[in-house]
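[1] coords please:
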Amino acid sequence: MRKSAVTLLDENSGCDFCVDEAYGGGKSAPMDAEAKLLMACIPGLKAAYGGAEAADIQGDVVLNITNGTFDRIFGGNNESGTIRGSIVVNIEETGCRPLIIGELYGGGNLAGYSKYGYKKVDDVWLPREAKDGQEPGTTLSDDPQVNVRSFTSIGNIYGGGYGETAVMVGNPHVNINVTKGEHADKEATSASDPDYDATGYKGAEKTIDGHQVIIRLWCQGGW
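    Numbering: from 1, shown residues only. Below you'll find the model as predicted:
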């Protein structure tokens with residue numbers, strides 16, 4: 001049994017970075033290990049998932065974001081599948097670029113999550129509620145955690161998931177202990193920096209899945 005599966009994204013390879021979505025888990029194949037997704041130096045993604053697209057993960061999920069521009073970030077799975085361990089999302093601007101996020105979720109996009117495990121209903125695994133007890137052999141997972149330490153801009157932060165089916169059973173902890181991101185005062189140096197002007201990030205609205213998200217600008221001393 002593999003203990004941990006680590007995915008590292010880094011643009012410093014001499015090749016153009018052309019990726020829309022990234023996953024710590026798999027597409028439809030289950031994993032019997034912990035899933036870790038680490039961002040080293042990338043321009044950004046439309047979406048990043050600590051979990052899988054539509055697969056089971058038997059271990060914990062750890063998602064570390066340090067730089068880049070993201071429309072949405074999820075600690076859980078995208079479409080379906082189970083996560084039998086805990087979920088931890090760490091946000092800290094220490095990479096080569098500013099860290100800018102439209103929406104940040106501790107849970108999944110459409111997939112649910114429960115710290116108590118899952119129950120099978122009509123061949124579909126659904127998040128188990130606390131009152132239902134736990135399935136035999138299931139270890140109680142820690143509550144999901146979203147740890148936000150530093151960034152240039154984040155629009156919205158949610159401890160749970162996004163869609164109606166992204167049920168979150170547990171007590172998600174959103175820990176915001178923020179220091180100013182090291183790129184928060186970055187000035188545009190060329191046309192390759194379209195999101196910046198002389199005073200920093202413009203703070204424009206982004207349209208995500210048909211609704212607008214205001215990207216707030218960090219200022220000295222607060223928002």
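[2] Find the nearest non-adjacent residue to D56, please.
    In space, not counting the residues next to it along the chain, D56 is nearest to P30; the distance is 4.1 Å by Cβ to Cβ, 6 or more residues apart in numbering. In this view, the C-beta of every residue, glycine as well, is placed from N, C-alpha and C.
[3] who's in contact with that neighbour?
    P30 sits next to A55, D56, I57, Q58, G81 when contact means Cβ atoms under 8 Å, 6 or more residues apart in numbering.
[4] Mind picking out the helix or strand in this protein with the poorest mean pLDDT?
    Sorting the helices and strands of the chain by mean pLDDT, DSSP states H and E puts strand 200-201 at the bottom, at a mean of 46.
[5] ok, residues contacting the helix or strand where V178 lies?
    Element membership for V178, per DSSP states H and E: strand 173-180. With Cβ under 8 Å, 6+ apart as the test, strand 173-180 has contacts from 106, 143-151, 157, 159, 218, 220.
[6] Quick one: mean pLDDT for the strand or helix carrying M39?
    Taking DSSP H and E as the criterion, M39 maps to strand 34-41. Mean per-residue pLDDT for strand 34-41: 84.
[7] could you say what helices and strands that strand packs with?
    Strand 34-41 sits against strand 4-10, strand 44-49, strand 61-65, with contacts defined as 3 or more Cβ pairs under 8 Å, 6 or more residues apart in numbering; DSSP states H and E.
[8] Could you give the bridge partners of H173?
    Beta-bridge pairing for H173 (DSSP bridges): Q145.
[9] Burial check on it, number of neighbours?
    For H173, the neighbour count with other Cβ atoms under 10 Å is 14.
[10] returning to what we had before: got the angle for the strand holding M39 vs strand 44-49?
    Counting by axes from the mean of the first three to the mean of the last three Cα atoms, to 10 degrees, strand 34-41 points 170 degrees away from the direction of strand 44-49.
[11] Just checking: what are the partner strands of the helix or strand harbouring V88?
    Per DSSP H and E: V88 is located in strand 87-92. If you go by DSSP bridges, strand 87-92 pairs up with strand 61-65 (parallel), strand 145-151 (parallel).
[12] Most tightly packed of these?
    Across the strands paired with strand 87-92, averaging neighbours per residue (mean count of other Cβ atoms under 10 Å) puts strand 61-65 on top, at a mean of 25.
[13] ok, and what's touching that one?
    24-25, 34-39, 48-51, 73, 75-76, 83, 85-92, 99, 101.
[14] Pull it out as CSV, backbone CA atoms only.
    This file holds the C-alpha atoms of strand 61-65, laid out as CSV (Å, rounded to 0.1, in the frame of the first residue of the first chain):
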residue,chain,number,x,y,z
VAL,A,61,-6.0,15.2,1.4
VAL,A,62,-3.5,18.1,1.7
LEU,A,63,-3.6,21.0,-0.7
ASN,A,64,-0.8,23.6,-0.4
ILE,A,65,-1.2,26.8,-2.5
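[15] Buried residues, the helix or strand that comes right after it. List them.
    Tracing the chain past strand 61-65, the next element assigned as helix or strand by DSSP H and E is strand 68-74. Buried residues in strand 68-74, counted by 16 or more other Cβ atoms under 10 Å: G68, T69, F70, D71, R72, I73, F74.
[16] May I ask which two of those residues are separated the most?
    T69 and F74 (16.0 Å; Cβ to Cβ).
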